[in-house]
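Engineer: this one's sequence-less:
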C-alpha cells in the first residue's frame, strides 16, 4: 500500500513544501489476518511548516469483532455501538489522505490494518507515499526509548494529552514532525515519492463518532477540555439529531448546580460521540444553549443578579461568556460606581450650570454619591458662583465643609482619582520591573533545544539500521505467534500452558520460556505491551 520515503540529511525536497497526513489507528487486536479490525481513526492533515489544515477522527464499529484490548486504549463495545463502520467512513478517510505523504509512528502497523480494511471494500491501494517516524527517530537520534510518547516529549517538551486515543496520538506526532522539520540541527529533506490522488469512487460525508478522552479540569475547565479533544474539521458533518437531544439534556442537567465535575464531563463525552460533535459543532451547541438561557432570563424584562450569576457560571463552563458580555459590563459599571476611587465622597451641588453637572457626572462615575441636603456626611459642596452669604454656602462654611467652584472641584477630584491604588502601589516600580525583564531577555539570547544533544553525528545507513533495529528481531513471526496464542487462550478460557520455543528440528531454543495465563488483566494487556517492545 505505502511506498516509503524518508526524512534524510541528503539532498531532496524541502518537506515544508509538502502536505502530510499524520495517521493513528486503534484496533481490536494485533493481526488483521486473524480477524482484528480498526476501532478508531485519527488523522491530522498539515503542511510541512506545521500549519494544520484539517482533522478527522471517529470511533469505528468493528462489526461484531470482539475488542480484546480495551485495557490498552479504553475503547469498549458500548463505545462503538453507535459508531459508523469502516465502510461508511472509507471515502472520507481516502479524501483526507489524498495528495499527501501519510505519516505514522510504526507505519507497518497502520499499513496492514488499512490495507485489510480497504481490501474488504474491493479497493487495492498502491504507491501511496508513506513516512515512518519511528524509523526517522531511530536513524537521526541516539537515545533510549523510541515510543511515540518518548520521542514526542523529547522533541516538543510536552507529554501526550490524550494518550492511546487515535486523534490524541496523531496530534502529538504532527507537533513532533513539525518541530523536527523546523528545528533539526541539520536541515532534513524528503527523499521519496510525491503525493498522489486516491480513488474517489467511495461515497463521502459519512457519520462520525469522535471520542474525547483524557479529560481534566485544567485551566480550560472540563467542558473546554472536552471540546478541545474533538476534531477541528474544515467541513464538519451536522450532529445526529437523536444524539444531540441527549447531549443538550445532559448539558442542562450538569449545569443545574452551576458547575461541571469529572463524572459529568465523561458522560458528556460519551453523549458528544453519539451526537457526532466536532469542535465547531460543539461550540455552536454551547453558544445556542447559553443564548436560549439568556432569552429566558430576559423574558420578563429584568435580569436579576441571581440570573446573571447563573449565566456567568454557565458562560465560563461553556466558553461562551462573550454572549453575555454586555450584561456583565453593565453590572461591572454599576459595581464600579459604588467602588471607585471616590467611594465615600458625598457631594452637595448648589446651582444647575452645565459645568456643575459635568463635575457631578464625573464624580458619580468614580464612586461618589450626590446629596440633596447638607448633612454631616457631605464632604464637598460644589458652588455654582453663589455668594458666601447664600444660606446654604454660609451653613457649609460654618460646618467646616470644603466649598469649591466646579472648576476647582474637578481638579480636586481628578487628583484624588489619580492616586495609586493600595498602600504600596508604585508606578515607577512597574517600569523598573519591565526594564529589568527586557535586559534579562536580551542577555539570555536564543536557547539550543535540549533534544539536539541526542542528534547523531551522522544518520544511520540502511545496513546500520538493519543491524541495530531489525536483525535482532528476526524471530518476530514466532513472537507474533506467541501473542496470538495468548489472545486465543484467554478467549477460550483455557488453563495456563507452559511453552518452550523450539527449532524446526525439535531442539529447545535459547531464550525465555513463555507462560500463557488464561484470563486476567495481565493477559488482556500483554498483546499490546508486546506490540510496543520494539519501539
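Structural biologist: Sure thing, it's come through. Keep in mind that what you see is a predicted model, and the values were worked out from it rather than measured.

Engineer: quick check: buried residues in stretch 392-408?
Structural biologist: Using 16 or more other CB atoms under 10 Å as the test for burial, stretch 392-408 gives 392-393, 396, 401, 403-406. (Glycine included, C-beta is placed from N, CA and C.)

Engineer: could you export these as JSON lines, including secondary structure?
Structural biologist: Shown next, in JSON lines, are the buried residues of stretch 392-408 (DSSP: H, G, I helix; E, B strand; the rest coil):
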{"residue": "392", "secondary structure": "helix"}
{"residue": "393", "secondary structure": "helix"}
{"residue": "396", "secondary structure": "helix"}
{"residue": "401", "secondary structure": "coil"}
{"residue": "403", "secondary structure": "strand"}
{"residue": "404", "secondary structure": "strand"}
{"residue": "405", "secondary structure": "coil"}
{"residue": "406", "secondary structure": "helix"}
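
Engineer: can you list the low-confidence ranges for the stretch 101-250 of the chain?
Structural biologist: Within the stretch 101-250 of the chain, no stretch falls below the threshold (pLDDT under 70).

Engineer: what about the strands in it?
Structural biologist: For the stretch 101-250 of the chain, the strands defined by DSSP state E, counting those that start in this stretch occupy 101-104, 128-132, 189-191.

Engineer: dump the residue contacts of the spatially most central residue of the chain.
Structural biologist: Centroid-nearest residue in the chain: residue 228, 3.8 Å away (criterion: CA atoms, centre = their mean). Applying CB atoms under 8 Å, 6 or more residues apart in numbering, we find residue 228 in contact with 220, 279.

Engineer: how about residue 396?
Structural biologist: Each residue near residue 396 by CB under 8 Å, 6+ apart is listed here: 348, 374, 378, 381, 403.

Engineer: tell me how many other residues surround the fourth one.
Structural biologist: Per other CB atoms under 10 Å, the neighbour tally for residue 381 reads 23.

Engineer: what sits up against the helix or strand harbouring it?
Structural biologist: Assigned by DSSP states H and E, residue 381 belongs to strand 380-383. Outside strand 380-383, the residues that touch it by CB under 8 Å, 6+ apart are 345-351, 356, 359-360, 374, 392-393, 396, 401-406, 409, 412.

Engineer: mind putting the contacts of residue 396 into a markdown table with distance to residue 120 and pLDDT?
Structural biologist: What follows is these, written out as a markdown table (distance: CB to CB, whole Å; pLDDT from 0 to 100):
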| residue | distance to residue 120 | pLDDT |
| --- | --- | --- |
| 348 | 88 | 92 |
| 374 | 93 | 90 |
| 378 | 88 | 93 |
| 381 | 91 | 94 |
| 403 | 94 | 93 |
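
Engineer: take the residues you listed and write them to JSON lines, including distance to residue 19.
Structural biologist: Listed next are the contacts of residue 396 as JSON lines, based on distance: CB to CB, whole Å:
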{"residue": "348", "distance to residue 19": "73"}
{"residue": "374", "distance to residue 19": "78"}
{"residue": "378", "distance to residue 19": "74"}
{"residue": "381", "distance to residue 19": "75"}
{"residue": "403", "distance to residue 19": "77"}
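
Engineer: in the stretch 201-350 of the chain, which spans are helices?
Structural biologist: Assigned by DSSP state H, counting those that start in this stretch, the stretch 201-350 of the chain shows helices spanning 222-229, 241-255, 262-275, 279-298, 305-318, 325-339.

Engineer: return the most buried member of those helices.
Structural biologist: Of those, the one with the most neighbours on average (mean count of other CB atoms under 10 Å) is helix 222-229, at a mean of 22.

Engineer: and the angle for that helix with helix 262-275?
Structural biologist: On the basis of axes from the mean of the first three to the mean of the last three CA atoms, to 10 degrees, helix 222-229 is oriented at 40 degrees to helix 262-275.

Engineer: for the stretch 301-450 of the chain, give me the ranges with low pLDDT.
Structural biologist: Low-confidence segments of the stretch 301-450 of the chain, defined by pLDDT under 70: 331-339, 421-427, 444-446.

Engineer: now the end-to-end length of stretch 298-305.
Structural biologist: 12 Å (CA to CA, to the nearest Å).

Engineer: contacts for that stretch, please.
Structural biologist: Under the contact criterion CB under 8 Å, 6+ apart, stretch 298-305 has outside partners 294, 297, 311, 327, 331.

Engineer: equivalent analysis for stretch 86-96, please.
Structural biologist: So stretch 86-96 is in contact with 21, 37-38, 41, 43, 45, 54, 56, 58, 60, 117-118, 120-121, 123, 198-200, 202-208, going by CB under 8 Å, 6+ apart.

Engineer: try it again with 6 Å
Structural biologist: Under the contact criterion CB atoms under 6 Å, 6 or more residues apart in numbering, stretch 86-96 has outside partners 38, 43, 45, 56, 60, 117, 121, 198, 202-204, 206.

Engineer: buried among the residues you listed? Make that a ChimeraX selection.
Structural biologist: Of the contacts of stretch 86-96, the buried ones can be selected in ChimeraX as follows, counting by 16+ other CB under 10 Å:
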select :38,43,45,56,60,117,198,202,206
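
Engineer: of all the contacts of stretch 86-96, which two lie farthest apart?
Structural biologist: Within the contacts of stretch 86-96, 45 and 121 form the most distant pair, 21.7 Å apart (CB to CB).

Engineer: just to revisit the earlier point, the strand holding residue 381: how far from the chain's middle?
Structural biologist: 58 Å (CA atoms, centre = their mean, to the nearest Å).

Engineer: repeat for stretch 132-140
Structural biologist: Distance, centroid of stretch 132-140 to centroid of chain: 26 Å (CA atoms, centre = their mean).

Engineer: then stretch 140-153?
Structural biologist: Distance of stretch 140-153 from the chain centroid (CA atoms, centre = their mean) equals 22 Å.

Engineer: which other residues reach it?
Structural biologist: Contacts for stretch 140-153 (CB under 6 Å, 6+ apart): 105, 134, 137-138, 159-160, 172, 176, 454, 456, 459, 532, 535.

Engineer: kindly report the same for stretch 272-287.
Structural biologist: 82, 207-212, 227, 230-233, 236, 239-240, 243-244, 247, 318, 320.

Engineer: one more pass at 8 Å, please.
Structural biologist: Under CB under 8 Å, 6+ apart, the answer for stretch 272-287 is 59, 79, 82-83, 207-212, 223, 226-228, 230-233, 236-240, 243-244, 246-248, 251, 318-320, 323.

Engineer: same thing with stretch 44-51?
Structural biologist: So stretch 44-51 is in contact with 14-22, 52-56, 96, 100, 167, 170-171, 173-175, 177-179, 181-182, going by CB under 8 Å, 6+ apart.

Engineer: which of these fall within helices?
Structural biologist: Of the contacts of stretch 44-51, the ones assigned to helices by DSSP state H are 96, 167, 170-171, 173-175, 177-179, 181-182.

Engineer: quick one: buried ones out of the residues you listed?
Structural biologist: With burial judged by 16+ other CB under 10 Å, the buried subset of the ones in helices among the contacts of stretch 44-51 is 96, 167, 170-171, 173-175, 177-179, 181.

Engineer: closest one to residue 9 out of the residues you listed, please.
Structural biologist: Of these, the one sitting nearest to residue 9 (CB to CB) turns out to be residue 181, at 12.7 Å.

Engineer: my read is that the closest one contacts residue 190, right?
Structural biologist: No. Contact criterion CB atoms under 8 Å: residue 181 and residue 190 do not qualify, at 9.3 Å.

Engineer: what's near enough to touch residue 218?
Structural biologist: Applying CB under 8 Å, 6+ apart, we find residue 218 in contact with 224-225.

Engineer: apply 10 Å and report the result again.
Structural biologist: 161, 224-225, 228 (CB atoms under 10 Å, 6 or more residues apart in numbering).

Engineer: before we move on, the earlier item: can you tell me which of the contacts of stretch 140-153 are in helices?
Structural biologist: Using DSSP H, the contacts of stretch 140-153 in helices are 134, 137-138, 172, 176, 532.
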